[in-house]
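In: need a 3D model of the following:
(chains A, B, C and D, ligands or ions: 2)
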Amino acid sequence: MAGYTAVTAEDLAIMLETIGVGSIEELFHDAIPAGVRLGRPMDLPAGEPEQAVYAELRRLAERNVSAEDEITFLGAGMYDHYVPSIVDMLMSRSEFLTPYTPYQPEVSQGGLQVMFEYQTAICELTGLPVSNASVYEGPSAVGAAAYMAKLANRRPRVLVSRGVHPHSRATLDTLAVGYGTEVVEIGLDDGVTDLDALREALSDDVGAVILQQPNFLGAIEDVQAFSDAAHEHGALVICAADPLTLGVLEAPGNQGADLVVGEGQSLGNRLDFGGPSFGFFAATEKYIRSMPGRIAGETTDVDGRRGFVLTLQTREQHIRREKATSNICTSQALNALGGVVYLSWLGRQGIVELGELMLQRTHYAREQLAALDGVAKLHDRPVVREFALRLDADVDAVLERCAADGVNAGFALGREYDEFGDGLLVAITELRSRADIDRLVEVLGAAVAAERSAPRAEVVR
Amino acid sequence: MAGYTAVTAEDLAIMLETIGVGSIEELFHDAIPAGVRLGRPMDLPAGEPEQAVYAELRRLAERNVSAEDEITFLGAGMYDHYVPSIVDMLMSRSEFLTPYTPYQPEVSQGGLQVMFEYQTAICELTGLPVSNASVYEGPSAVGAAAYMAKLANRRPRVLVSRGVHPHSRATLDTLAVGYGTEVVEIGLDDGVTDLDALREALSDDVGAVILQQPNFLGAIEDVQAFSDAAHEHGALVICAADPLTLGVLEAPGNQGADLVVGEGQSLGNRLDFGGPSFGFFAATEKYIRSMPGRIAGETTDVDGRRGFVLTLQTREQHIRREKATSNICTSQALNALGGVVYLSWLGRQGIVELGELMLQRTHYAREQLAALDGVAKLHDRPVVREFALRLDADVDAVLERCAADGVNAGFALGREYDEFGDGLLVAITELRSRADIDRLVEVLGAAVAAERSAPRAEVVR
Amino acid sequence: MSTLDSSQTKQQLERATTIFEKGAPGRRAFRAPDLDVPPVEGLIPPASRRAAPPRLPEASEPEIVRHYVNLSKRNFDLDSGFYPLGSCTMKHNPRLHERVAALPGHARMHPLQDPRRAQGALELMYGLQESLAEIAGLPHVSLQPSAGSHGELAGVLLTRAYHADRGEQRTKVLTPDSAHGTNPATVTMAGYEVVKVALDGAGGVDVDDLRAKAGTDVACLMLTNPSTLGIFDPNIEEIASIVHGVGATLYYDGANLNAIMGYSRPGDMGFDIVHFNLHKTFTQPHGGGGPGAGPIAVSDRIEPFLPRPQVVRRAPAVNGGRPTPPVFELDDDRPKSIGKLRGFQGNYGVFVRTYAYIRSLGAEGLQDVSEVSVLNANYLLARLREKVGDRLPLAFGERCMHEFVLSGAPMKKELGIRTLDLAKRLLDHGFHPPTVYFPLVVEEALLIEPTETETRETLDGFADAIAAIVAEAAEDPEIARNAPYTTPVRRLDEAGAAKRPRVRQTL
Amino acid sequence: MSTLDSSQTKQQLERATTIFEKGAPGRRAFRAPDLDVPPVEGLIPPASRRAAPPRLPEASEPEIVRHYVNLSKRNFDLDSGFYPLGSCTMKHNPRLHERVAALPGHARMHPLQDPRRAQGALELMYGLQESLAEIAGLPHVSLQPSAGSHGELAGVLLTRAYHADRGEQRTKVLTPDSAHGTNPATVTMAGYEVVKVALDGAGGVDVDDLRAKAGTDVACLMLTNPSTLGIFDPNIEEIASIVHGVGATLYYDGANLNAIMGYSRPGDMGFDIVHFNLHKTFTQPHGGGGPGAGPIAVSDRIEPFLPRPQVVRRAPAVNGGRPTPPVFELDDDRPKSIGKLRGFQGNYGVFVRTYAYIRSLGAEGLQDVSEVSVLNANYLLARLREKVGDRLPLAFGERCMHEFVLSGAPMKKELGIRTLDLAKRLLDHGFHPPTVYFPLVVEEALLIEPTETETRETLDGFADAIAAIVAEAAEDPEIARNAPYTTPVRRLDEAGAAKRPRVRQTL
Ligand SMILES: Cc1ncc(COP(=O)(O)O)c(C=O)c1O
Ligand SMILES: Cc1ncc(COP(=O)(O)O)c(C=O)c1O
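Out: Ligands and ions are numbered 1, 2, ... in the order given. Next comes the predicted model:
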């Protein structure tokens, strides 16, 4: 057994005497009715020393093929970026890692100021004046945004682009059942949201329209056109965005979006097989009192010193309970710290340079790949860091061949889009060099060629 | 180029103006005579961004077969122990990682108290009343100890057991040339220092005798007998010890040793391909003013608060210069912190339990291995955590076969001892389970068998 | 003796400056990799191209490090001191967990990796599901929810799906007064009406009130047990049977599971759904407000509706006589599922830590956790009763589980200091205060949860500090009323902050 | 306003307690793995068996963590503030280096691993040797020495071996007054006599004195350049030629290499041996007093004597047409070698960090380091002259390299505060003081080295603080004389500590 308790035999004797009971069991037996006592040890493996637990977790890690083990072009919502060492260092400082939510601001100025700085950075990126201090992650941020829209205008319906991440749409569907919003999907037209279809579906019953920038197929959406259409009907515009593209892409807040939300992982957070990362949530001034989650605000102390507090708490569950704007409590403060440290590290010029590098490499990769036999662009729209292809071969089989060559060629779109059963989504980051891309071209080209010449085998389960 | 400087164009202009020069070059050209200016860029690879440097260092790491990649029984002075996570965490705290030697005690109480605690732990382990705050590492600690003996009694000769680590003996030889001490080796007799030879070599010219506990062949030395013999001639007894065995072995300080020194790596320090780790250096009261290195002492401040300072600094180079007891300045404070954190984690009972575990597994491994065909004990002496075998087969070839099976069977004694060309030194730690040992038995047994049956090949370079 | 300013500490003298106020134009830490492909202009249509770079900080790496390291020193943290925040289970965060979570095979693992190449991650998640199921006494687990409140939302949505599947339309969810705010907030978000159940005189659910309110329009009862009063409800069996009797589901807020592991299980009490706070009971560091994870365990009748995907184990195939290892898969094919609550498979990094914790402690260790957490709470309670029992009486009963609630009402009345003042004054003593003004049912409440990882010496020191503050207030209440004095900033103007919110820096 | 004790900070109020004073009998953090072999009694002969367990601490893991985390907060550190400790090059320590050094392929690598399975480590060491050789302008490098002073010892022992090999017995080593204490201490340890060389009026070596003392009994000149006065010796070429003229070796103390990278090289100045302080110039964190590494670069004539083993590269073999990669080996077969200075191959973990640093910066970046370190020093010097030039004049000359020495003598005389007082008062301003009372040749010396990683704002702030202290002393010197006030402890009784040394805790 390993443990972190500290009760010695002497402690125990003194403590029991002080309490006035004869044994620890007594405390439990007095409190827990006999009918619901377990009465047997739990059936779990025996505890192990630290070295054994380390070995076990290493064993499991080695059963995974991580981005450290292959050249990966997998993206689709989370991206293999370089996490700078200072992010790890700061996130692992006890003073940031171990406190609770800053309920006592006098001894939480570090965390509170980090939130304030984070909010500032998110506002600047998104082009909106208000940000909260984080929500869970990207897809649930979309669901939370639609709920906020519901609270704001009580309209029964939201429209969501099919270019929005499938997980975001699925999450929205799930949550909307709860708060009673009807979700209507707007299809794609050649890689981007079908604006005509959107206009057609819009009405004064529509509380919000939701799009993603760049969209799931990597394409740049015309946010302004989207906003104009929606605003004509008084609908809120919710834009899910990839924050790391916002050094080169116009801020959605400057293109009419009322809410800009999204997945923050690309900002200095690990992949972690999907989490924890953070979601961001920014809005126009009007919605400041409808936001979910913690918000840090600047103020002064009794002596006039600058300080920070959790503010506008009357929105929140612990004050307003059933009337709260959200039920969120614990969110992702530490991950958001990682985000703002990353953005500070990247800096004003760096975020543009990084965006430009991704843009150029993505263009290069797209053109090189599309020139392969049996490979074509799925759409021709401008992209930033990810793009979709069509393969004239079984995508899964091609991916399997590439994997055998140490290359993860991307995401099989058929996993989420029936209409793109032949689709492959390829993501580029600053970690994928031209040499990596050339390798992908070589490996994918060979795999497609092999699949096209191979007699199509029966699919065996 | 990557860098950590912060001079913007505006900074530069202001700074140059303040200084009163027109360019940075001017500062250099004014100061450095033309004849010794380089006049060309240095011929080094171009600087790279963090991600590229990380990738390069990972590439190099992967060209190594570390203790993470094989089952290793390699010891011979450094051991693959589990380094608890709290050691890493504390060693990487900025507050411990980045300060200099504590020259300003008012803002260095953390580091100074750690030294004091470390010294306390080393005293307790070694059975001696005085410890310094660390020296570089094990072998040079032996050299430093002999120098201290020289300063103490000015005698021209030291005797050193052939059971002392070959690197310690080599270091002693190198340094003794400098301070003009003659080094005479005392041979081994059935695995331990030949006491008769020692007694014979002793005279009143001998300033110190040096032994190692357990010795390089893993055997427990009779420190008391050694001390008694040496003290008869007024020679100092210097015992190099493996500190992690001192939970089960008597403290050399209780067996007459005047100085106990050694390699601290086994106390919570990484292997690091040989360093940095730390050396420890403990002595009887008499030598407190002859010690090398920093020593922390307890004192009080002007208000009577308990505090710690570097003390007895008149021994040191920065005060006494050519009359100093040693030239050491920067030593191994951070590694010593790792050591005392490790010892705190291990604790009073833990160091005994760990010693006992090694003892039992070592015994098991030794008996199992010695029972193999073509394998015999090199000596029959009691051992704690390491033991020597003789193989009836080419040792290097056997090691190579074992390595191919993922097992590093140990250290070929022939690398350091001509007389043990058939010798293999096998080390056991808490990380080598019975299953690992059984695997070694299997693999080594097969390797020896294969070598014995194979026609002896010509040695090809 | 003269100091820089004898009335202020060094931290107090430093005006807080943000990272945006540091640095200088042109400074930077990041260097981009060289552009290694032929550059092409105009890849982004002008209307979509950002005109000016976002005004992010411009600072060197050393400046950034120093800024955040110094900021960190303006936080109180668990690695530095006692943090008895009730309902939050501020127990020691083992660093082993950070080490294993950082292994590249976990940390740099893409969530959409082909499951055949993610067997380690899936095996871990499956193993964790199994362990949590055993701890909860409920057979099925979804790891997906991101925190406790997210688990609650999952639970109420599951309830909705369950009733809908049976063709029932229920409208109400019952929850007692002592419930955490997330409970009613969740109910609203999930489209139900909150109905409050009263407490009885002992702090438990008022069974008569429950019986009165439990009709067939009730979809669910949400209960925290032990409650936020630190009381294990003695009528738990009756409560369960009443709720079952009307066909509603039973939701167990597991925030307080730290009190009962190995002693009692929500499933055995008749509950259908329980959430775990892995960031409370299972040592995930709180990170100053997350991340966490809020897995749920459910009964058979709820299982069909669990979020997708679920991690499943396919029976090891027998391959030419030799059994192959089991294969783990992500099962997305769940026709009755409520769907997804978030992206991907949940906060895997948190699962790694929890898995490591459960493997470290085992059944015996987890039971020890509960034993010592209850022992420590009762010991601290006894010490406080002995010292300040008249001024800060226990709100209900005689003993407690892993936490307890004192009322500051007599102190307020007799000494003229409020619970808030006591809390602030504790800061000067180097302790983090308990949770204050929660649960709402106790006047001037102090909710104290010491956790099992604290020593007796620490508990004694805390009791002494409380006693000293109470004694001090008897002399001079102004001292506490104006506390704290030694913190980086003193009492802050929260009302002003809310009135004219400044939630970002003007750049 | 009333506080706990208005005249003391929280840290000052806490009595320092050691880890041995914490915990309680029976507490523990470590759990041993189960004994998995049949236990055998009596494996250690009774006389060698320890009778009672060593009285190590008995504490739980949370207690240990809290103890050391709190202790850490009683340190000033470079990640929190300016640390202009002259001659120590307290530059930013990039965390990238800690990350890469921790990779198991480096960190968990046994030093006696078969070199064929240690090719990464050997390639790294070889690459580092090459880089250091280029930076020094000397063709051969040994990485073995553990610190600067160890490098010095290596250098003087090499000198001895060199002369011995030529059949010469020389007895003296020259070193100027401004030398660091390790220089003369090393000379003694290596069995030579120290002969001091005077300085000229400009702070350089007095060439006449040198010429007078440079006889054929001189084995070596040890010189620091730029000197510890921050002065690049203008007569360096003449100095070298005088020393060469008498057949002695030239040893270059490279502690100050940060000033000249890319501008000038010891080898090109005629030196035979130079040591590097990887913990100064190359960012290895100082760790509160180590670890460091002190590699040496040497000329051809010294090379045969270098310590063993050396890392060598065997020319890539051509294997059936395809060239195989180069193979790195440890060459132990060096008949003239002075032998070993320590175990194994040196402080490899430090080499990893240095290698990463050199790869990050490249030639251009290292030159930038020197440029900005000199720029920053001259800027700070200019600011200080402007503000306090009369009270704290520059000891020699007008400008400096990467550091400079002020004399506190006028301040002492005119204001009645010593350099020590100024240093202690700086602590209250949140700055680490410069090196004080060194070099010895300057009265009341302050040796100030800002390094290249500090911003202009920080330098300005430091200059302002010095000016404020000087101004304050003009008003009331007692303030500085009794400083510091805000540190965890105030001035300590060092004399008492040395008189009755308590160097361990009585258990
Ligand atoms: C009783 C109780 N329920 C629910 C929650 C909400 O959990 P989370 O913060 O993980 O969303 C909390 C958190 O404080 C709690 O104490
Ligand atoms: C000029 C000079 N030489 C030598 C040394 C000694 O270096 P180390 O501390 O690495 O032994 C120092 C260290 O302060 C120094 O400043």
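
In: so what's residue 215 up against?
Out: Looking at chain A here, since you left the chain open. Taking C-beta atoms under 8 Å, 6 or more residues apart in numbering or on different chains, we find A:Asn215 in contact with A:Ser161, A:Gly163, A:Val164, A:Leu188, A:Gly191, A:Val192, A:Thr193, A:Glu221. In short, each C-beta sits where N, CA and C put it, glycine included.

In: let's do chain C instead
Out: C:Lys172, C:Val246.

In: phi, psi for it please.
Out: Per-residue torsions, C:Gly215: phi -110, psi -180 (degrees, to the nearest 10).

In: per-residue pLDDT, it?
Out: Note on C:Gly215: pLDDT of 96.

In: A:Arg385: what's its closest spatial neighbour, skipping adjacent residues?
Out: Closest residue in space to A:Arg385, ignoring its immediate chain neighbours: A:Met358 at 4.2 Å, by C-beta to C-beta, 6 or more residues apart in numbering or on different chains.

In: out of the helices and strands in chain A, which is least certain?
Out: When the helices and strands of chain A are scored by mean pLDDT, DSSP states H and E, helix A:317-320 comes last with a mean of 88.

In: that one near ligand 1 anywhere?
Out: No - applying C-beta under 6 Å from any ligand atom, one finds helix A:317-320 separated from ligand 1 by no less than 8.2 Å.

In: can that helix be said to contact chain C?
Out: Yes - Helix A:317-320 reaches chain C (C-beta under 8 Å from any C-beta of the partner chain) through A:Gln317, A:His318, A:Ile319, A:Arg320.

In: residues contacting C:Gly290?
Out: C:Gly290 neighbours (C-beta under 8 Å, 6+ apart): A:Thr101, A:Ser134, A:Pro276, A:Thr330, A:Ser331, A:Gln332, A:Ala333, A:Leu334, A:Asn335, C:Ala147, C:His279.

In: pick the one among those closest to chain B.
Out: A:Leu334 (15.7 Å; C-beta to the nearest C-beta).

In: surely the closest one forms part of a helix?
Out: Yes - with DSSP: H, G, I helix; E, B strand; the rest coil as the criterion, A:Leu334 is part of a helix.

In: who's in contact with the nearest residue to it once chain neighbours are set aside?
Out: Nearest in space to A:Leu334, with sequence neighbours left out and distances taken as C-beta to C-beta, 6+ apart, is C:Gly287 at 2.8 Å. Applying C-beta under 8 Å, 6+ apart to C:Gly287 gives the contacts A:Met91, A:Phe96, A:Leu97, A:Thr98, A:Pro99, A:Gln332, A:Ala333, A:Leu334, A:Asn335, A:Leu337.

In: now C:Leu223
Out: C:Thr175, C:Pro176, C:Ala179, C:Val205, C:Asp233, C:Ile239, C:Leu250, C:Tyr251, C:Tyr252, C:Asp253, C:Phe271 are the contacts of C:Leu223 under C-beta under 8 Å, 6+ apart.

In: for it, helix, strand, or coil?
Out: Following three-state DSSP, C:Leu223 is assigned to strand.

In: what does the pLDDT read for the nearest residue to C:Asn93 once chain neighbours are set aside?
Out: Spatially, and ignoring its direct neighbours in sequence, C:Asn93 is nearest to C:Pro285 (4.2 Å; C-beta to C-beta, 6+ apart). C:Pro285 is assigned 98 on the pLDDT scale.

In: and for C:Gly191?
Out: 96.

In: distance of it from A:Thr171?
Out: Here the distance between C:Gly191 and A:Thr171 works out to 16 Å (C-beta to C-beta, to the nearest Å).

In: neighbour count: those two, which is higher?
Out: A:Thr171 (27 against 18; other C-beta atoms under 10 Å in any protein chain shown).

In: correct me if wrong, but that one is in a strand.
Out: No - using three-state DSSP, the assignment for A:Thr171 is helix, not a strand.

In: could you list the low-pLDDT ranges of chain A?
Out: Scanning chain A for pLDDT under 70 picks out A:1-2, A:455-461.

In: name the single longest strand found in it.
Out: strand A:206-213 (DSSP state E).

In: hmm, who's touching the helix or strand following that strand?
Out: Counting by DSSP states H and E, the next helix or strand C-terminal to strand A:206-213 is helix A:223-232. For helix A:223-232, contacts defined as C-beta under 8 Å, 6+ apart pick out A:193, A:195, A:198-199, A:202, A:206, A:208-209, A:211, A:213, A:236-237, A:239, A:250, A:252, A:255-257, C:47-48.

In: just stretch C:238-247 next, same as before
Out: Contacts for stretch C:238-247 (C-beta under 8 Å, 6+ apart): C:168, C:174, C:205, C:207, C:210-211, C:214-216, C:218, C:221, C:223, C:233, C:249-250, C:269-271.

In: which residue, neighbours along the chain excluded, lies closest to residue 227?
Out: Answering for chain A, as no chain was given. In space, A:Ser227 is closest to A:Gly256, 2.6 Å off (C-beta to C-beta, 6+ apart).

In: other chain: chain C
Out: C:Ser178 (5.1 Å).

In: could you do C:Thr9 as well?
Out: D:Thr9 (5.7 Å).

In: tell me, what residue is most central in chain A?
Out: A:Glu263 (2.9 Å; C-alpha atoms, centre = their mean).

In: for C:Gln284, see how far away that residue is.
Out: 20 Å.

In: and if you look at A:Ala412?
Out: 33 Å.

In: distance of the residue in the stretch 401-507 of chain C that chain D sits nearest to from A:Glu106?
Out: Distance from chain D to each residue of the stretch 401-507 of chain C (C-beta to the nearest C-beta) is smallest for C:Tyr485, at 3.8 Å. Distance of C:Tyr485 to A:Glu106, given as C-beta to C-beta: 10 Å.

In: residues in contact with residue 387?
Out: No chain in the question, so chain A it is. Counting by C-beta under 8 Å, 6+ apart, A:Phe387 makes contact with A:Leu217, A:Gly218, A:Thr362, A:Ala365, A:Arg366, A:Lys377, A:Leu378, A:Leu425, A:Val426.

In: let me rephrase: I mean chain C.
Out: C:Ala463, C:Asp464, C:Ile466, C:Ala467, C:Val470.

In: what's the ChimeraX line that selects buried ones from the residues you listed?
Out: Buried subset of the contacts of C:Lys387, written as a ChimeraX selection, criterion 16 or more other C-beta atoms under 10 Å in any protein chain shown:
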select /C:463,466,467,470
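
In: mind putting the contacts of C:Lys387 into a markdown table with secondary structure, distance to chain B and pLDDT?
Out: Formatted as a markdown table, the contacts of C:Lys387 follow (DSSP: H, G, I helix; E, B strand; the rest coil; distance: C-beta to the nearest C-beta, whole Å; pLDDT from 0 to 100):
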| residue | secondary structure | distance to chain B | pLDDT |
| --- | --- | --- | --- |
| C:Ala463 | helix | 25 | 98 |
| C:Asp464 | helix | 21 | 98 |
| C:Ile466 | helix | 26 | 98 |
| C:Ala467 | helix | 25 | 98 |
| C:Val470 | helix | 28 | 98 |
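
In: is chain D within reach of the host helix or strand of A:Thr120?
Out: Here A:Thr120, judged by DSSP H and E, is contained in helix A:109-126. No - against chain D, helix A:109-126 shows no contacts by C-beta under 8 Å from any C-beta, the least distance being 12.7 Å.
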